[in-house]
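Here is my input; please provide its structure:
(2 chains)
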There are 2 protein chains.
Amino acid sequence: MVRGPEPAPVSPERFAALWCSLAPIGRAGSDGGYLRYTWSPADLAAREWFVEEALDRDLTVETDRNGNLTAWWGDPAAGDAVLTGSHLDSVPHGGGYDGALGVVSGLLAVDALRSDAGGVAPPRAIGVAVFVEEEGARFGVPCLGTRLLTGAVEPQTALALRDADGVSFAEAMAAAELDPTGVGPDPAALARLGAFVELHIEQGRALVDLAAPVGVAQGIWPHGRWRLEITGEANHAGTTRLVDRRDPMVTCAHLVLGANQQARERGAQATVGRLAVTPNATNAVPAGVTAWLDARAADEPALRALVDAVAAQTLEQAGRDGTGVEFTEESLSPAVVFDPGLRERLRELLDAPVLATAAGHDAGVLAAHVPTAMLFVRNPTGVSHSPAEHASDVDCALGVEALARTLRDLAWR
Amino acid sequence: MVRGPEPAPVSPERFAALWCSLAPIGRAGSDGGYLRYTWSPADLAAREWFVEEALDRDLTVETDRNGNLTAWWGDPAAGDAVLTGSHLDSVPHGGGYDGALGVVSGLLAVDALRSDAGGVAPPRAIGVAVFVEEEGARFGVPCLGTRLLTGAVEPQTALALRDADGVSFAEAMAAAELDPTGVGPDPAALARLGAFVELHIEQGRALVDLAAPVGVAQGIWPHGRWRLEITGEANHAGTTRLVDRRDPMVTCAHLVLGANQQARERGAQATVGRLAVTPNATNAVPAGVTAWLDARAADEPALRALVDAVAAQTLEQAGRDGTGVEFTEESLSPAVVFDPGLRERLRELLDAPVLATAAGHDAGVLAAHVPTAMLFVRNPTGVSHSPAEHASDVDCALGVEALARTLRDLAWR
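Numbers count the residues shown, from 1 in each chain, chains lettered A, B, ... in the order given. Alright, predicted model coming up:
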C-alpha cells in the first residue's frame, strides 16, 4: 500500500513567513481588522497573492466560472481529486485567520508533501481552493461561490444581489475582469472531486478546554439570515408626543431583546449585529429601521421554532407600536453532518477530538456533493469576526502538519 | 404715530410662486425629503438662491463672519433693526418647510410692505436672515450659526466639529470659499438689533386643535443631545455562546426602551433616532454601538432628572451585559421664555393663540440677547423632520401676512 511521501515537519517560523506575506493585504490601519470584501481592491490583491504563490510552486491555477480559484498539484481530470482550501474575503473589520488560515495551510501542506515526493505528483491530484464571498459581507448571501458551484443558488438571483452602494454582483464581477454571464453550477468540476477538507480557525473555545491544538468537525448547525424591514413614521423628536409616535426603533429594541431571550431559553443562537436606520438623525423619530437576524440551532425544527417565535413576538410588538414589519429570509443553510467515514478516518489518523460548530462554511455547502471534512485549529480566546481573533504560530504549524497528513492519506490511499 | 405702509394682501399663488423656485434644491428623488447639509452643494445652491432673490429686491446682502446671511431693507447701522428669517439646512430626508418657510415668508413680507412704501425704507431696517447649521445634521451641534454669533459656543470647538466623513467644520467652510479663521461672537452685530421674529411651520398639531392658521410662541422647552458610546466585544454570531457575549446591541436596546419609558412616566420627550454600529455585520456580535439620545422636558430640573435616570439605568444594564458606556453631553439648550412684552404685543396685533414648543430654534439662542418672538404656521398632520411635513399655501400666505403686519408694527413703531 503506497502511503506517499512523509510530510516534512512544519516549523512555526515557516508558517509565520508565508502568513506575514498575506497579512498586510486589506488590513485596516484603525483597528487591525480586515476589510476584504469580495471583488474589492483588497480582495483582488489577496487573490493575486494566492495566484503568485501557486505559480511559484508550479501549481496549475484554475479560475472556475464563478470566480473560485484552485491551485492544482497533479491533474484533477484523473478524478477522485482531493481538495482543500477556504476563503480570503472577510467580514467588516474581521480577523485575519478566518478563511485565510485554510488557504495558507493548504499551500504549506503541499510544500510539506512535495519536499519528500521527488517531483512526483500524487496519484490523486491535490487542490487548494479560494472560494468567493464566503462571508456574505458584501452581497448578503454567505458561501456564494460554493452555492453557485453546486447550484444551491440560482445564477440570476446571485447576479442581481446588490451591495450597500447598490452595485450588483454582476457589475462587481465584471469590474474585476471576470465574466458574470458564465456563473452557475458546474457538475463536471464537482464530479472530479473525491474529498474536500477545509481547515479553519476554531470560532469558540472547545479545543482550549480539551487542551488539543487540532480538532475534527462533527457537523454544522442549521443557520440562516432574516431581514426585518420595520417601518414607522419619521417625525420631530422634540414635538411629537410619545403616544403619537410610530417609532420603528422601539420595535427594533424589542426585537433585539426578544431574539436574545428566545435563543437563551432554547439553548440556541440569535444575533442582531447589523442595522440600517433611516434617516438616522439625532432629532428625528426614524422613518424605518432594517434589522438583520442571524439565528442558529441544533436542528432544523428547533431553528424554525426559534425564528417563528421571534417573528411572532416582533409582529405583536409592532401592533402595539403602530409600526409595520416585513420579514424576509435572506439565506437558510440546512444542518450538515460531515461524512461519517471520512470523519472517523481523520479522527483516528490525527488522534484529534470531534467538535460540533454553529458557524457556516463552504465545507457545509460542498458536503451535500462531495465527502467532506473539516479541521479546526485552537483559538485561545475563542474570539472570531474581530481584530482580536488569534491562533499561535505553533498551533497553526501543527494544523498544517495535520492537514498534510490528511492530504497524504487521501491522495495516496 | 407713523404705522408704515399697509401690507398688500398675499395670495396663495404669490406664495406658491416663490416657494416653487426654492423647492427643487436639495430634494431627494427617492422620497421627496431634503438633503441640505450645511456647506454641501445643495446648501450652497439654496444660499445662492437666497442671495439672488435678495438682490432682485435691491436688498443689501451681508455675510457675517460665521457664514450667516442677512438681506437688509434699510441700514441696520441706524440701530433698533428688526430681523426675521430662519434657516435653509435640513435634517436627512427632512421636510421642505422646516426653516425654509421662515426665509421665504421673510422675503414675501418685505414684498408686501414695499408695495405700499413708495420706495421709502422703514425707519428701522428690516432684515431677512439665513442662519448656518440650524439642524446640527452635519456637525452635530444645532443652531451653530447663532451659537457662534452670540458666543454660546467657542470658535475652536465649532471649527473642530467633524461630520460623518471626518470633514471638520473649518474644512467644509473653507471649501465653501468662506474664511473659517474669522468665526466667533459679534456683539456689535447683535447690538444693532431691536427685535428678532422667526416664523416657522408648527411641529405639532396644537393649531389644528385651536382651528387657527397662525400662533405665537410662549417659549421653548430645555433640550439637549447626549452621545452614548457602548463598547462590547466583537465576536462570531454563530459560535459565541450568549452567556459568553459582551453585546453592546443588547445594552443599546435597553437604552431605547428605558429612555422611552422614563420620558413617558415624566410627561417629557426622549428619542434614540440615530445609531452607528461597528462593524455592522449580520454574522458578528458588534464591537460597539454609538447611540444618540435627544431629550426634552418642561424645565431644566426635569430634563436633568430624566437624563440622569436614563444614564443610571443604562450603566446598570451595561454592568449586567459586560459592556462599557461612555456618556457625553453634545449640546444643552436651556429653557427659553420669549420676551413677554413682545409676545403680548403680537398676540393682540394678530389675535393669535400662544403655544409652547419642545423644538429648538435659532430664536431660542437669540432670545438671550435680543427681544425675540416666534410665529407658527399650522401643520395639518403635525409631522415634521419628514418628507410628509406640509402646510397649505393658504395658511402659508396667512403666515406671510401675519409676519408683514408684525414687521410693520416693529419697524415703524
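
A:G94 reaches B:A284, doesn't it?
Yes: look at A:G94 against B:A284 with C-beta atoms under 8 Å: they come within range, at 7.3 Å. Heads up, the C-betas are built off the backbone N, CA and C, glycines and all.

what's the domain layout of chain A?
Chain A is divided into the following domains under automatic domain parsing: A:12-221+A:335-411, A:223-333.

Off-centre distance for the first one?
Chain-centre distance of domain A:12-221+A:335-411: 8 Å, with C-alpha atoms, centre = their mean, to the nearest Å.

quick check, that domain touching chain B?
Yes: Domain A:12-221+A:335-411 is in contact with chain B by C-beta under 8 Å from any C-beta of the partner chain, via A:33, A:91-94, A:135-137, A:140, A:142, A:202-204, A:221, A:357-360, A:382-388.

That domain - what's its average pLDDT?
Domain A:12-221+A:335-411 shows a mean pLDDT of 95.

End to end on that domain, go ahead and measure it.
Taking C-alpha to C-alpha, to the nearest Å, the first and last residues of domain A:12-221+A:335-411 lie 25 Å apart.

Dump the domains of chain A into JSON lines; add mean neighbour count as well.
Output for the domains of chain A, formatted as JSON lines (neighbours: other C-beta atoms under 10 Å in any protein chain shown):
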{"stretch": "domain A:12-221+A:335-411", "mean neighbour count": "21"}
{"stretch": "domain A:223-333", "mean neighbour count": "21"}
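
Tabulate the ones you listed (a markdown table), appending distance to B:R343.
Shown next, in a markdown table, are the domains of chain A (distance: least, C-beta to C-beta, whole Å):
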| stretch | distance to B:R343 |
| --- | --- |
| domain A:12-221+A:335-411 | 49 |
| domain A:223-333 | 19 |
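
quick one, strands of the stretch 51-200 of chain A?
For the stretch 51-200 of chain A, applying DSSP state E, counting those that start in this stretch gives strands covering A:60-63, A:69-73, A:81-87, A:126-131, A:193-201.

Which of the ones you listed sits closest to B:G166?
strand A:81-87 (30.9 Å; C-beta to C-beta).

what's the angle from that closest one to strand A:126-131?
30 degrees (axes from the mean of the first three to the mean of the last three C-alpha atoms, to 10 degrees).

And the helices in the stretch 101-250 of chain A, which stretches?
With DSSP state H, counting those that start in this stretch as the criterion, the stretch 101-250 of chain A has helices at A:144-150, A:155-160, A:169-175, A:187-191, A:206-210, A:248-266.

In JSON lines: those, plus distance to A:L228.
Converted to JSON lines, these look like this (distance: least, C-beta to C-beta, whole Å):
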{"stretch": "helix A:144-150", "distance to A:L228": "22"}
{"stretch": "helix A:155-160", "distance to A:L228": "20"}
{"stretch": "helix A:169-175", "distance to A:L228": "23"}
{"stretch": "helix A:187-191", "distance to A:L228": "35"}
{"stretch": "helix A:206-210", "distance to A:L228": "32"}
{"stretch": "helix A:248-266", "distance to A:L228": "6"}
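
Which of those helices sits closest to B:T290?
helix A:248-266 (14.1 Å).

Any idea what the nearest residue to A:T60 once chain neighbours are set aside is bridged to?
Using C-beta to C-beta, 6 or more residues apart in numbering or on different chains and skipping the chain neighbours, the partner closest in space to A:T60 is A:W72 (4.6 Å). A:W72 forms beta bridges with A:T60, A:G127, as assigned by DSSP bridges.

got a list of what A:W72 touches?
A:L59, A:T60, A:V61, A:E62, A:A81, A:A125, A:I126, A:G127 (C-beta atoms under 8 Å, 6 or more residues apart in numbering or on different chains).

what do you get if the cut-off is 7 Å, keeping everything else the same?
Going by C-beta atoms under 7 Å, 6 or more residues apart in numbering or on different chains, A:W72 touches A:L59, A:T60, A:E62, A:A125, A:G127.

A:P213 too?
A:L207, A:V377, A:R378, A:D395, A:L398.

Columns distance to A:D111 on top of those residues, output as a markdown table?
Putting the contacts of A:P213 into a markdown table (distance: C-beta to C-beta, whole Å) gives the following:
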| residue | distance to A:D111 |
| --- | --- |
| A:L207 | 24 |
| A:V377 | 17 |
| A:R378 | 22 |
| A:D395 | 18 |
| A:L398 | 15 |
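
Among those residues, name the ones in helices.
A:L207, A:D395, A:L398 (DSSP state H).

quick one: which of those residues is nearest chain B?
Distance to chain B across the ones in helices among the contacts of A:P213 (C-beta to the nearest C-beta) is lowest for A:L207, with 12.0 Å.

Residue for residue, what is the longest helix chain A has?
helix A:300-321.

What is that helix packed up against?
In terms of contacts (3 or more C-beta pairs under 7 Å, 6 or more residues apart in numbering or on different chains; DSSP states H and E), helix A:300-321 is packed against strand A:223-231, helix A:248-266, strand A:288-296, strand A:324-333.

Pipe those into JSON lines and attach distance to B:A298 per row.
Listed next are the helices and strands packed on helix A:300-321 as JSON lines, based on distance: least, C-beta to C-beta, whole Å:
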{"stretch": "strand A:223-231", "distance to B:A298": "31"}
{"stretch": "helix A:248-266", "distance to B:A298": "23"}
{"stretch": "strand A:288-296", "distance to B:A298": "29"}
{"stretch": "strand A:324-333", "distance to B:A298": "33"}
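
quick one, which of the ones you listed is nearest to B:P248?
Short answer: helix A:248-266, nearest of these by C-beta to C-beta, at 10.6 Å.

Mind checking what helix or strand follows that closest one in sequence?
With elements assigned by DSSP states H and E, the helix or strand that comes after helix A:248-266 is strand A:269-278.
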